[in-house]
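**Student:** only the shape, not the letters, is given here:
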């Protein structure tokens, strides 16, 4: 694999990072406390201003940090990270305080935002929670306004994914159950 | 392709039909008036009882029918349907009253439910709207309780997808923009 280059994605195109339905990692930080979890239930909600939804179970430490800080990041992990993604989705930081070290999850920060991002992912969306107490309590559903987005230019640039020209290790993961994922596959076009 | 056989999916496993993030078709009917639209923004919301979210723009006829009837179906279309899916996502029935005939969309019904289902899809979820006026008006977000689900047994059975053993034409579609989709790809497993 060539060396990753992280490029900014304009907010009006940020929905394209999620439009094909990848499993995501959700990260959050409050003070020095941080966590990352895997989630298959994240989705674009609005084009402009860019908004997303994500389902965060009440049992998760990540949710607590999202509620405390008012921010989260969604990132699109890739095949190279499959074992880490599955571990981040099955281990709770409440049970295993060294979860992130145990999962070998490396974090970085962009633009002085205090929201941790997972190294080695292929896209990142930093989101500010739009408080919706009913949705959060009744449905575990959080709505976020996307305030910044980036992608790995080897697979996403000029507003488009280029999976077909990149290493298989950079393909997005699409979770089913029991440790089984699908990779995103072949690009196809409808007759216009 | 072998002949399709439509089998019931237990509701506790219905989330697996959407978990890998496919683009869906949303169908609805009120009286004899029916419509189908494509949507990339549909997602599982809860395992048990099974619930889903879908974003339905106020400009769509399908949304009007969902609001009038209180029901919709999400179906997972496949590569064989790519041109129809793209047409159903770009043509409005308000502008083109013969939309369904023009898109060659064939409908069928299951179990005496008055919710039209699109022939040739690979999975179907019939949903009853859980009324949430704030979400519907502010976010165009509809929440549905899944009341029945089926799949094409050539690609989904015993609670699992089997894309790898089926024809390419039966793979799910994952929309990006401008008529470009990805097919779902290779099955991969995390170390457990």
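**Tutor:** Looks like it arrived, so ask away. None of the values given here were measured: they were computed from a predicted structure.
**Student:** now the residue in chain A that chain B sits nearest to, nearest residue through space, not along the chain?
**Tutor:** Going by CB to the nearest CB, chain B is nearest to residue A:21 of chain A, at 1.3 Å. All C-beta spots, glycine's among them, are computed from the backbone N, C-alpha and C. Leaving aside its sequence neighbours, residue A:21 sits nearest to residue B:21 (CB to CB, 6 or more residues apart in numbering or on different chains; 1.3 Å).
**Student:** may I have the phi/psi pair for residue A:137?
**Tutor:** Main-chain dihedrals, residue A:137, degrees, to the nearest 10: phi -80, psi -50.
**Student:** got it, and residue A:56?
**Tutor:** phi -120, psi 110.
**Student:** where does the closest residue to it other than its chain neighbours fall, secondary structure wise?
**Tutor:** Leaving aside its chain neighbours, residue A:56 sits nearest to residue A:63 (4.0 Å; criterion: CB to CB, 6+ apart). In this assignment (DSSP states H and E), residue A:63 forms part of helix A:61-69.
**Student:** how far away is the closest residue to residue A:38 other than its chain neighbours from residue A:175?
**Tutor:** Nearest non-adjacent residue to residue A:38, counting by CB to CB, 6+ apart: residue A:89, 3.1 Å away. As judged by CB to CB, to the nearest Å, residue A:89 and residue A:175 stand 8 Å apart.
**Student:** helices along chain A, start to end?
**Tutor:** Using DSSP state H, the helices of chain A run over residues A:61-69, A:82-90, A:99-102, A:133-139.
**Student:** tell me where chain A is predicted with low confidence.
**Tutor:** Within chain A, the segments meeting pLDDT under 70 span A:1-3.
**Student:** rerun at 50
**Tutor:** A:1 (pLDDT under 50).
**Student:** hang on, the residue nearest to residue A:56 packs against residue A:55?
**Tutor:** No - in this structure residue A:63 lies outside contact range of residue A:55 using CB atoms under 8 Å: 9.7 Å.
**Student:** any shared contact partners between the two?
**Tutor:** Each of A:140, A:142 lies in contact with both residue A:63 and residue A:55 under the rule CB atoms under 8 Å, 6 or more residues apart in numbering or on different chains.
**Student:** residue A:6 - nearest residue in space that isn't next to it in sequence?
**Tutor:** Using CB to CB, 6+ apart, the nearest residue to residue A:6 is residue A:150, at 5.0 Å.
**Student:** which residues touch the one you found?
**Tutor:** Counting by CB under 8 Å, 6+ apart, residue A:150 has contacts A:6, A:7, A:8, A:9, A:110, A:123, A:124.
**Student:** restricted to buried residues, select these in ChimeraX.
**Tutor:** Typed into ChimeraX, the line below selects the buried ones among the contacts of residue A:150, using 16 or more other CB atoms under 10 Å in any protein chain shown:
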select /A:6,9,123,124
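**Student:** restricted to strands, list the contacts of residue A:150.
**Tutor:** Within the contacts of residue A:150, residues falling in strands by DSSP state E are A:6, A:7, A:8, A:123, A:124.
**Student:** tell me the bridge partners for the third one.
**Tutor:** On the basis of DSSP bridges, residue A:8 is bridged to residue A:150.
**Student:** just the fourth one next, same as before
**Tutor:** The partner list for residue A:123 in beta bridges (DSSP bridges) reads residue A:76, residue A:151.
**Student:** surely it touches residue A:151?
**Tutor:** Yes - under the contact definition of CB under 8 Å, residue A:123 touches residue A:151, with a separation of 4.4 Å.
**Student:** hang on, the earlier thing: phi, psi of the residue nearest to residue A:21?
**Tutor:** The phi/psi pair for residue B:21 (degrees, to the nearest 10) is phi 80, psi 40.
**Student:** now swap in residue A:59 and tell me
**Tutor:** phi -80, psi -10.
**Student:** that one: neighbour count?
**Tutor:** Using other CB atoms under 10 Å in any protein chain shown, residue A:59 is surrounded by 10 other residues.
**Student:** show the contacting residues for the residue lying closest to it once chain neighbours are set aside.
**Tutor:** Distances taken as CB to CB, 6+ apart put residue A:92 closest to residue A:59, at 6.9 Å, once the chain neighbours are dropped. By CB under 8 Å, 6+ apart, residue A:92 lies in contact with A:59, A:60, A:61, A:99.
**Student:** please name the bridge partners of the nearest residue to the second one once chain neighbours are set aside.
**Tutor:** Meaning residue A:60. Nearest residue to residue A:60, sequence neighbours excluded (CB to CB, 6+ apart): residue A:37, at 5.5 Å. Here residue A:37 shows beta-bridge partners residue A:26, assigned using DSSP bridges.
**Student:** the one 5 residues further on too?
**Tutor:** Residue A:42 has these beta-bridge partners by DSSP bridges: residue A:54.
**Student:** am I right that it is in contact with residue A:52?
**Tutor:** Yes - with contact defined as CB under 8 Å, residue A:42 counts as touching residue A:52 (6.4 Å).
**Student:** what do these two both touch?
**Tutor:** A:18, A:74.
**Student:** just to revisit the earlier point, make JSON lines out of the helices of chain A and add mean neighbour count.
**Tutor:** Shown next, in JSON lines, are these (neighbours: other CB atoms under 10 Å in any protein chain shown):
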{"stretch": "helix A:61-69", "mean neighbour count": "21"}
{"stretch": "helix A:82-90", "mean neighbour count": "21"}
{"stretch": "helix A:99-102", "mean neighbour count": "16"}
{"stretch": "helix A:133-139", "mean neighbour count": "14"}
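**Student:** okay then, goodbye and thanks.
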